[in-house]
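Peer 1: Give me coordinates for this.
(chains A and B)
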Amino acid sequence: GAGVSQSPSNKVTEKGKDVELRCDPISGHTALYWYRQSLGQGLEFLIYFQGNSAPDKSGLPSDRFSAERTGGSVSTLTIQRTQQEDSAVYLCASSQSWASQNEQFFGPGTRLTVL
Amino acid sequence: QQQVKQSPQSLIVQKGGISIINCAYENTAFDYFPWYQQFPGKGPALLIAIRPDVSEKKEGRFTISFNKSAKQFSLHIMDSQPGDSATYFCAASGDGASNYQLIWGAGTKLIIKP
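Peer 2: Numbering: from 1, shown residues only, chains lettered A, B, ... in the order given. The predicted model follows:
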């Protein structure tokens, strides 16, 4: 079956512009995560969605970052007034349910470059 | 206490050799320890995972060794192949109210020389 998909695969933007990154999780997966991965670095947790529960936004680095998940499926990560330090690969993952011991399935990521 | 420390940052191994990557944790409530493998341009993918009721788990050429008293776990890749060249992440979870979150190591870039 289809895996997690993300779009666009690459995004180049100018400092100060807003960007939207999209994630389509695996059908039926109720848990969805966003991570940020800077070049050669580990995964930085950003936000977590589980079903209709309130998302855990504790990893969002500033109020310029927001995310929503519509209908319990597709998610959009929005970065307002982008800064050069926002340049990174943004990864989305989904899993069957909330438990961390469920395998997380990752998309290929969106590489964001802020000029 | 939530950190997972991974070493080395990078590793070069000759084809056929054994690759060893180590991770250490502080939180004794952690009870799930996966390893993820990431190829360039791809997202990480689950490679192998262990729970603390066993000291070792083997899947093919990949083995996790777990030392509960030392709070350490390691990934061993036997007969390393050029196709194993990737970045490897250890992780841990199981800490009560936030146990939907994996706590990630910083990653190890592994290069297998032919």
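Peer 1: Output the residue of chain A whose distance to chain B is smallest.
Peer 2: Nearest residue of chain A to chain B: A:Phe106, at 2.8 Å (Cβ to the nearest Cβ). From N, CA and C alone the C-beta is placed, and that goes for glycine too.
Peer 1: What distance do you get for that residue to B:Lys68?
Peer 2: For A:Phe106, the distance to B:Lys68 (Cβ to Cβ, to the nearest Å) stands at 28 Å.
Peer 1: More neighbours: these two, which one.
Peer 2: Between A:Phe106 and B:Lys68, counted using other Cβ atoms under 10 Å in any protein chain shown, A:Phe106 has the larger neighbour count: 23 against 12.
Peer 1: okay, and for chain B, where does confidence drop off?
Peer 2: Along chain B, segments meeting pLDDT under 70 span B:1, B:95-100.
Peer 1: Report the closest residue of it relative to chain A.
Peer 2: Nearest to chain A in chain B, going by Cβ to the nearest Cβ, is B:Gly43, at a distance of 2.8 Å.
Peer 1: Which residues are in contact with the nearest residue to that residue once chain neighbours are set aside?
Peer 2: Sequence neighbours aside, A:Phe106 is the residue nearest to B:Gly43 in space, at 2.8 Å (criterion: Cβ to Cβ, 6 or more residues apart in numbering or on different chains). A:Phe106 makes contacts with A:Val4, A:Leu91, A:Cys92, A:Ala93, B:Lys42, B:Gly43, B:Pro44, B:Ala45, as judged by Cβ atoms under 8 Å, 6 or more residues apart in numbering or on different chains.
Peer 1: same for the helix or strand of chain A with the lowest mean pLDDT, what does it pack against?
Peer 2: When each helix and strand of chain A is scored by mean pLDDT, DSSP states H and E, strand A:44-50 comes last, with a mean of 92. With contacts defined as 3 or more Cβ pairs under 8 Å, 6 or more residues apart in numbering or on different chains; DSSP states H and E, strand A:44-50 has these neighbours: strand A:31-37, strand A:65-69, strand A:75-79.
Peer 1: elements contacting the longest one?
Peer 2: Spelled out, that is strand A:31-37. Other helices and strands packing on strand A:31-37, by 3+ Cβ pairs under 8 Å, 6+ apart, are strand A:44-50, strand A:75-79, strand A:88-95.
Peer 1: at 10 Å what do you get?
Peer 2: Using 3 or more Cβ pairs under 10 Å, 6 or more residues apart in numbering or on different chains; DSSP states H and E, the elements in contact with strand A:31-37 are strand A:19-24, strand A:44-50, strand A:65-69, strand A:75-79, strand A:88-95.
Peer 1: can you count the residues close to residue 27?
Peer 2: Assuming you mean chain A. Counted with other Cβ under 10 Å, the neighbours of A:Ser27 add up to 9.
Peer 1: um, chain B though
Peer 2: For B:Asn27, the neighbour count with other Cβ under 10 Å is 17.
Peer 1: Assumed A:Gly71 was part of a strand.
Peer 2: No: using DSSP: H, G, I helix; E, B strand; the rest coil, the secondary structure at A:Gly71 is helix, not a strand.
Peer 1: Return the set of buried residues in stretch B:89-109.
Peer 2: Neighbour-count burial for stretch B:89-109 flags B:89-95, B:99-109 (criterion: 16 or more other Cβ atoms under 10 Å in any protein chain shown).
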